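In: What would the 3D arrangement of this be:
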Amino acid sequence: MKSNRIDLAGFLPGKPFVLSWALLASAGCATAPVEGPARGDLLFTNYCAPCHGEGAAGDHLIGAPAIAGLPEWYLLEQLHKYRTGLRGAHRDDVEGLRMRPMSRTLMSESDVQLVAAHVAGMSTGRAAPSLEGADQANGAKLFVTCTACHGPDAAGNEQLHAPPLTVQQDWYLDRQLHKFKAGVRGANPKDTFGMQMRPMAQTLPDDQAIKDVVAHIQTLGQSK
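Out: Purely as a prediction, here's the structure:
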């Protein structure tokens, strides 16, 4: 029996890019287009799952974060940034440079909205901590500055464009804080909210401080 998938080898080492004939049909190559939530599911399966996983729980080995259950507004905002070059265009942003062309495979604003809605509706989980040698007590002190936008429980604030942090893996938070601090992320003058985050990351004096605050974040929202 013939497979209904095409593997485009070489897109990612060990992560073949998969495109189904059903998606081709939805683009007009057949008479029964896939629309609505079913299309969001299909877009996720073909364009997001190869890196982020079927459950959107992320993959540390290739730097793909957990995205399941993130707010729809935040997913839309980040996809827009990737699609327009506000994020993922810096030469040192390895993961961002990989994500940017993937975001642009979404051919319309409708597709962007459908896949964001699908991912936002997926079940969330909490990854086991992976960072070692962190001082959570010191992290709690450092996190006080973060509460102004992300809230005391790190649940985020849509009005301030601050995402929730508790659903993210510690390695990803650690990596993003380093990117903000180094100007790999949040340096584009058109990225208003990224530019607000960058000086906040710069208040963390060193790698240990970043690790400490991330370790504290992992203790928040445990009952959710």
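In: Where does pLDDT dip in the chain?
Out: Applying pLDDT under 70 to the chain flags the ranges 1-32, 222-224.
In: which stretches of it form helices?
Out: For the chain, the helices defined by DSSP state H cover 21-24, 36-43, 49-52, 72-84, 94-103, 109-120, 136-143, 147-150, 170-182, 192-201, 207-217.
In: so which of those helices gets nearest P129?
Out: Each of these has some distance to P129 by CB to CB; the shortest is helix 170-182, at 5.4 Å. Where C-beta positions appear, they are placed from N, C-alpha and C, glycine not excepted.
In: For that closest one, list the C-alpha coordinates in PDB.
Out: In PDB, the C-alpha atoms belonging to helix 170-182 read as follows (Å, rounded to 0.1, in the frame of the first residue of the first chain):
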ATOM      1  CA  ASP A 170      13.700  25.200  31.900                       C
ATOM      2  CA  TRP A 171      16.300  24.800  29.100                       C
ATOM      3  CA  TYR A 172      14.200  26.900  26.700                       C
ATOM      4  CA  LEU A 173      13.700  29.700  29.200                       C
ATOM      5  CA  ASP A 174      17.400  29.700  30.000                       C
ATOM      6  CA  ARG A 175      18.200  29.800  26.300                       C
ATOM      7  CA  GLN A 176      15.800  32.700  25.600                       C
ATOM      8  CA  LEU A 177      17.100  34.800  28.500                       C
ATOM      9  CA  HIS A 178      20.600  34.400  27.100                       C
ATOM     10  CA  LYS A 179      19.300  35.400  23.600                       C
ATOM     11  CA  PHE A 180      17.600  38.500  25.000                       C
ATOM     12  CA  LYS A 181      20.600  39.400  27.000                       C
ATOM     13  CA  ALA A 182      23.000  39.100  24.000                       C
END
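In: For it, name the packing helices and strands.
Out: helix 192-201, helix 207-217 (3 or more CB pairs under 8 Å, 6 or more residues apart in numbering; DSSP states H and E).
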